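J.: Got a predicted model here, sequence first, then my questions.
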Amino acid sequence: MEVLYWVLAVVVVYPYLIYPVVLWVCSRAFGRHGRPPTPTPDQWPRVSILIAAHNEEKLMGARIENALATDYPKDRLEIVIASDASTDGTVRIIEQYAHREVRCLAFTERRGKATSLRAATETLTGDIVVLSDANSFLRPGAVKAMARWFLTPSVGVVCGKLLLADEKRNQNCDGLYWRFETMLKQAESRLGALLGTNGAIYAIRRGLLGHLPAGSINDDLELPLLAKLRTRCDLLFEREALADEETPARITLEFRRRSRIGVGAFQSLERIYPVLNPLRGWIAFTFVSHKLLRWVGPFLLIALAAVNVALLDQPVYRALMLLQAAFYLIATAGLLLPVRAWPKAARLPALFVTVNAALFVGFCKWLCGQISAVWQPTQRAEAAPTS
């Protein structure tokens, strides 16, 4: 039982503490540090910015203005908004920009993001499609930073860098967590083993969009990995392609979205499981370390606590059980109490517990067949972030 306890403990902390160190070392020892091509004025590919939206009237005007401010040749850029059966003023706002070459695809049947993206793909004129969310705001040079990579034929997908801000209320710590995730993406990209993208900002060759299964929940994970499995294309991370997004006021507001992502994680395994083949090299290693072990984290935590209870006759394990209890108590306080004065790092236990609880709920929904591709926007501030 003691051996089992410590095996479980190591596996629980491995994705968060051990894997980043191992990844950093491997990326420095074996990674590549390529530079993007420098296109001439007539080499920039045609680009379509495609945004899926549902009931985003509070942000839509600012989001379209943001897209129009993109620093990219206007004769090679189109902006398309796919409204997934919005029932508010989203479509009306989009149509007000028709004279500025913003195209609205107003789908009347609610089918989810993946289906809307697939349907929109057939109408696009760009060779490269930049996918983004209604609540994500691209920096002016983001599209160029991604598009230049596609002059290299082997490149199929380029992931941008998402910056999360919670300065107005300072009650969340997603920004801190996301900086950690971004560091992992950069290192994985150097190894040629990037896992998915940021749904807020990534670019893909239009011909690869057809690989997105209808009903997919986590398109930013499934689409790039399916493209790589089928075509062996390169997936890259571009840190100069920036997008801004504001986090919700509190971690608890994200729970519904996170549990939905949890459903999508287990759903995606049905299609992307071939990446687990060790013969695929680094990507099998990164997928197990970065994704799979996190997805089974809730069950590992439950098993760890259960084994700890079985060992309570020994003083050292009584102390370890008290540490576990203290950790969960701090997490509960972070979720329920006003903690504006706390350092962000002190709120990480709350985020950790919330993510694992959402994964557990997501697994239960997936197991029961409660899989729905439709989504509801998370409540955020009405004011758009400034770029």
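T.: Right, received. Where do you want to start? Residues are numbered from 1 along each chain as shown.

J.: Does Ala200 touch Ala241 like I think?
T.: No: assessed by CB atoms under 8 Å, Ala200 is found out of contact with Ala241, at 10.7 Å. Where C-beta positions appear, they are placed from N, C-alpha and C, glycine not excepted.

J.: any shared contact partners between these two?
T.: Counting by CB atoms under 8 Å, 6 or more residues apart in numbering, the contacts common to Ala200 and Ala241 are Gly160.

J.: how far does stretch 67-87 stretch from start to finish?
T.: Stretch 67-87 has its terminal residues 23 Å apart, counting by CA to CA, to the nearest Å.

J.: One more: stretch 35-50?
T.: Using CA to CA, the two ends of stretch 35-50 sit 26 Å apart.

J.: Which residues does that stretch contact?
T.: 67, 70, 72-73, 76-80, 82, 117, 120-121, 124-132, 138, 143-145, 147-152, 203, 206, 238.

J.: quick one: Leu195 is in a strand?
T.: No: assignment of Leu195 by DSSP: H, G, I helix; E, B strand; the rest coil gives coil, placing it outside any strand.

J.: what's the burial count for Arg111?
T.: 17 (other CB atoms under 10 Å).

J.: From Asp84, how far out is it?
T.: 7 Å (CB to CB, to the nearest Å).

J.: Cys159 too?
T.: On the measure of CB to CB, Cys159 and Asp84 end up 23 Å apart.

J.: okay, these two: which has more neighbours?
T.: Cys159 (30 against 25).

J.: hang on, isn't Gln218 packed against Arg258?
T.: Small correction: residue 218 is Asn, not Gln. No: the criterion here is CB under 8 Å, and Asn218 misses it with Arg258 at 11.6 Å.

J.: Which one of those two is surrounded by more residues?
T.: Asn218 (22 against 19).

J.: Quick check: phi and psi at that one.
T.: The phi/psi pair for Asn218 (degrees, to the nearest 10) reads phi -100, psi 70.

J.: Check the chain for its longest helix and report it.
T.: Taking DSSP state H as the assignment, the helix of the chain that covers the most residues is helix 315-336.

J.: Now do the buried residues in it.
T.: Buried residues in helix 315-336, counted by 16 or more other CB atoms under 10 Å: Tyr317, Leu320, Ile330, Ala331, Gly334, Leu335.

J.: likewise stretch 18-25?
T.: Buried residues in stretch 18-25 (16+ other CB under 10 Å): Tyr19, Pro20, Leu23, Trp24.

J.: what mean pLDDT would you report for that stretch?
T.: Regarding stretch 18-25, the rounded mean pLDDT is 96.

J.: for stretch 41-51, same thing?
T.: 96.

J.: Stretch 222-231 too?
T.: On average, stretch 222-231 scores 93.

J.: Can you classify the residue lying farthest from the centre of the chain as helix, strand or coil?
T.: Most distant residue from the mean C-alpha position of the chain: Asp313, 43.3 Å away (CA atoms, centre = their mean). Classification of Asp313 by three-state DSSP places it in coil.

J.: That one and Leu176, how far apart?
T.: Asp313 is 39 Å from Leu176, by CB to CB.

J.: Check Arg318 too.
T.: From Arg318 to Leu176 the distance is 32 Å (CB to CB).

J.: and Ala38, how many neighbours?
T.: To be clear, residue 38 is Thr; Ala isn't right here. With other CB under 10 Å as criterion, Thr38 counts 8.

J.: quick check, it in a helix?
T.: No: assessed by three-state DSSP, Thr38 does not belong to a helix; its assignment is coil.

J.: Offset the numbering so it begins at 57, please.
T.: Got it, first residue is 57 now, which makes that one Thr94.

J.: which phi and psi does it have?
T.: phi -110, psi 100.

J.: one step back: ok, so of the buried residues of helix 371-392, who is nearest Leu268?
T.: Leu391 (34.4 Å; CB to CB).

J.: so Ile328 touches Leu281, yeah?
T.: Yes: assessed by CB under 8 Å, Ile328 is found in contact with Leu281 at 4.7 Å.

J.: who has more neighbours, the two?
T.: Leu281 (26 against 21).

J.: Now do the phi/psi pair for the more buried one.
T.: phi -70, psi -40.

J.: Then Glu301?
T.: phi -150, psi 140.

J.: Next one: it from Phe311, what distance?
T.: Counting by CB to CB, the gap from Glu301 to Phe311 is 18 Å.

J.: So those two - more neighbours on which side?
T.: Glu301 (22 against 18).

J.: Any stretches of the stretch 207-356 of the chain with poor pLDDT?
T.: 222-231, 304-309 (pLDDT under 70).

J.: mean confidence score for stretch 403-412?
T.: For stretch 403-412, the per-residue pLDDT averages 86.

J.: Correction: the previous question concerned stretch 374-381.
T.: For stretch 374-381, the per-residue pLDDT averages 96.

J.: Can you give the distance of it from its chain's centre?
T.: 33 Å (CA atoms, centre = their mean, to the nearest Å).

J.: quick one, strands of the stretch 107-256 of the chain?
T.: For the stretch 107-256 of the chain, applying DSSP state E, counting those that start in this stretch gives strands covering 133-140, 158-163, 184-189, 192-194, 211-221.

J.: got a list of what the nearest residue to Phe236 once chain neighbours are set aside touches?
T.: Distances taken as CB to CB, 6 or more residues apart in numbering put Pro76 closest to Phe236, at 7.6 Å, once the chain neighbours are dropped. Residues in contact with Pro76 (CB under 8 Å, 6+ apart) are Phe236, Met239, Leu240, Ala243.

J.: quick one: which two of those are the most distant?
T.: Phe236 and Ala243 (11.3 Å).

J.: Which one's more surrounded, these two?
T.: More crowded of Phe236 and Ala243, by other CB under 10 Å: Ala243, with 22 against 11.
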